[in-house]
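S.K.: Sequence and predicted structure are below.
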Amino acid sequence: MMNRSMQQRTAARLRAHRQPLFTVRGGFMDRRHFLRFSSALCAATAALPYAARAQQAPVTTVTTAWRAFELTTAVDVKDPGAHTRIWIPVPYATGTPYQRGVHNTWQVSSGGTAQLLQAPGYGVQMLAVQWPDAQAPRNVTLTSRFQTRNRRVDLTQPPPADAQIESPAALREFLKPTALLPTDGIVKTTADQITRGHQGDLARARAIYEWVVANTCRTASTRGCGVGDVRYMLTANDLNGKCADINALFVALARAAGIPARDAYGLRVANSELGYKSLGKAGDVTKAQHCRAEFYAAGYGWIPVDPADVRKVMLEEPPGDLPLTDAKVRAARVMLFGAWEMNWVAYNHGHDIALPGTAHGPVPFLMYPNGETSDGRLDSLDPDGFSYRISAKPIPI
């Protein structure tokens with residue numbers, strides 16, 4: 001996961017995909033022409049914009065209430081080594097306005113033990129499983145049930161009186177650098193350049209978001225969701241990658257600018273209701289991991305963003321390789337500053353995760369099943385070799 005060669009791309013390819021920078025003011029123009037909300041929703045669950053409408057495509061009804069899902073992770077260890085340990089991320093258990101009701105159950109093959117544990121630091125929760133010997137079979141099935149509903153912070157209105165307030169101690173945690181998200185050197189210099197002339201955390205965060213959208217590129221060949229080595233990305237002028245790269249860049253730049261920000265690691269669990277084929281996955285979600293981002297603005301609380309998904313729309317929405325000026329891209333660009341469609345479940349906000357009981361060093365983040373035996377660490381990005389399968393389905397509330 002830490003192999004830097006995963007991220008390397010040629011400068012020529014970067015220039016070929018890079019699009020001209022849009023201004024923040026342009027973002028507000030996009031809002032006027034491409035954003036539509038359902039009048040049936042209350043402020044906490046306002047409908048997300050209908051992206052497909054921009055291309056005259058049919059649009060399904062956006063769910064306005066809570067939806068329930070069942071997520072099943074089945075791990076069958078193939079490695080012959082003894083002293084097997086497995087760590088499986090579980091949905092974020094603390095209730096939020098957009099996710100609640102998490103309940104986890106599991107079954108482990110004979111001889112194995114399992115328990116819910118938290119890693120130090122960010123309180124990342126996981127199911128930790130171990131077998132002392134190279135027994136056969138070595139498998140575990142984790143079933144997680146939870147509810148989600150669409151999330152939106154209305155930034156066109158003054159801050160609401162009931163906005164959630166984060167403690168100063170928690171906000172300080174989300175200003176700190178991590179191993180792959182430094183806040184000094186070229187990261188600080190870049191953040192200062194982007195935010196120069198913008199007043200207030202909301203305006204400065206929007207400037208960073210617009211810069212990231214305009215200057216990055218989603219690369220299909222990036223393994224998994226990417227690494228998120230922000231200093232390398234900026235130093236090498238290699239701003240290609242996937243969600244863990246692009247959204248990590250937003251988070252690091254925001255922190256360097258003094259704006260509390262955090263990654264949100266999770267998994268897509270349903271198809272998009274907004275007409276975006278690229279922004280959802282149902283059924284077999286083994287490879288549907290997705291990292292999002294948030295920043296904190298006084299009065300509004302935590303504000304959801306997802307510049308990486310704007311780039312995913314550009315690359316993957318039919319017919320592919322859409323420009324920033326495409327109507328569907330412009331709609332996504334507006335929507336994803338302040339809103340998340342919750343066909344996705346959040347796992348955690350953690351970085352530099354020390355897996356309980358590991359014989360190896362920390363992992364940058366916990367978004368996939370991780371494991372190790374006496375023969376070494378298993379490849380979390382190779383579900384067939386590991387092996388593991390993840391499936392998701394809607395269930396009645």
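M.R.: Okay, I see it.
S.K.: Now the phi/psi pair for the residue most central in space within the chain, please.
M.R.: Central residue of the chain (C-alpha atoms, centre = their mean): Cys291, 1.5 Å from the mean position. Dihedral pair for Cys291: phi -100, psi 130, per degrees, to the nearest 10.
S.K.: Following element in sequence after the lowest-mean-pLDDT helix or strand in the chain, please.
M.R.: Lowest by mean pLDDT, DSSP states H and E among the helices and strands of the chain is helix 24-34, with a mean of 32. Following helix 24-34 in sequence order, the next helix or strand is strand 67-76 (DSSP states H and E).
S.K.: Give me the contacts around that next one.
M.R.: 86, 88, 91, 101, 129, 137-149, 267, 269-270, 285, 342, 345, 369, 371, 386-397 (C-beta atoms under 8 Å, 6 or more residues apart in numbering). Quick note: C-beta positions are derived from backbone N, CA and C, even for glycine.
S.K.: Mind checking which of those are buried?
M.R.: Applying 16 or more other C-beta atoms under 10 Å to those, the neighbour count classes 86, 88, 91, 129, 138-142, 144-149, 267, 269-270, 285, 342, 345, 369, 371, 386-390, 392 as buried.
S.K.: Could you list which of these belong to strands?
M.R.: Under the assignment DSSP state E, these contribute 86, 88, 129, 139-142, 144-148, 267, 345, 371, 388-390, 392 to strands.
S.K.: Enumerate every residue touching the residue nearest to the centre of the chain.
M.R.: 225, 228, 243-244, 247-248, 263-266, 308, 365, 367.
S.K.: make it 6 Å
M.R.: By C-beta atoms under 6 Å, 6 or more residues apart in numbering, Cys291 lies in contact with Cys225, Cys243, Ala244, Asn247, Asp263, Tyr265.
S.K.: Just the element for the last one, please.
M.R.: In other words, Tyr265. strand 261-268.
S.K.: thought Phe337 was touching Tyr209?
M.R.: Yes. With contacts counted by C-beta atoms under 6 Å, Phe337 reaches Tyr209, the gap being 5.4 Å.
S.K.: chain center to stretch 390-397, what's the gap?
M.R.: Between the centre of stretch 390-397 and the centre of its chain there are 20 Å (C-alpha atoms, centre = their mean, to the nearest Å).
S.K.: now do stretch 304-321
M.R.: 14 Å.
S.K.: Pull out the buried positions in it.
M.R.: Neighbour-count burial for stretch 304-321 [16+ other C-beta under 10 Å]: 304-317.
S.K.: Looking at that stretch now, give me its mean pLDDT.
M.R.: Stretch 304-321 carries an average pLDDT of 97.
S.K.: How about stretch 365-373?
M.R.: On average, stretch 365-373 scores 97.
S.K.: I would like the residues contacting it, please.
M.R.: 75, 79, 81, 84-89, 124, 265, 289, 353, 378, 380, 388.
S.K.: Start and end of stretch 82-102, how far apart?
M.R.: Using C-alpha to C-alpha, to the nearest Å, the end-to-end distance of stretch 82-102 comes out at 32 Å.
S.K.: who touches that stretch?
M.R.: With C-beta under 6 Å, 6+ apart, stretch 82-102 has contacts from 44, 73, 75, 77, 104, 125-131, 133-134, 138, 142, 144, 146-149, 151, 342, 345-347, 355, 357, 366, 369-374.
S.K.: quick one: buried residues of it?
M.R.: Per 16+ other C-beta under 10 Å, stretch 82-102 contains these buried residues: 84-93, 98-100, 102.
S.K.: element containing Val251?
M.R.: Going by DSSP H and E, Val251 is in helix 243-256.
S.K.: Nice, that's everything, thank you.
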